[in-house]
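Trainee: model the following, please.
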Amino acid sequence: MVVFPWCKTADNINLFINKKRMTMEEKVKIAKEIGKMEYEPLMPIEKKLILYSIVLGVALLAIMVFISHTYFPV
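Mentor: Numbering: from 1, shown residues only. Just a heads-up that it's a prediction; the model follows:
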């Protein structure tokens, strides 16, 4: 990671954003290419990873809520 002075960074970001604006023709091309793509079903391991991630997220959220209400009552 490189740290630039604020004015240098802001100028570079504005130039980058302006260069990346797509025209309607480019958007139509991308839409056509996406339409040509074949449907690929999820693999079983991908389904398991998604399920485990959701379960872990809900469990950690429940633990944080429990700790918050137990040790830091309002």
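
Trainee: can you tell me how far residue 37 is from residue 28?
Mentor: Separation of residue 37 from residue 28 (Cβ to Cβ, to the nearest Å): 16 Å. Every C-beta, even on glycine, is put in place using the N, C-alpha and C of the backbone.

Trainee: so what pLDDT did residue 43 get?
Mentor: The model reports residue 43 with a pLDDT of 96.

Trainee: next one: the one 5 residues further on
Mentor: Residue 48 is assigned a predicted lDDT (pLDDT) of 98.

Trainee: quick one on the thing from earlier: residue 37 and residue 28: who's more crowded?
Mentor: Between residue 37 and residue 28, residue 28 has the larger neighbour count (other Cβ atoms under 10 Å), namely 11 against 7.

Trainee: what lies in contact with the helix or strand harbouring the more buried one?
Mentor: Taking DSSP states H and E as the criterion, residue 28 maps to helix 24-36. With Cβ atoms under 8 Å, 6 or more residues apart in numbering as the contact definition, helix 24-36 has outside contacts at residue 22.

Trainee: roughly how far is that helix from the heart of the chain?
Mentor: 22 Å (Cα atoms, centre = their mean, to the nearest Å).
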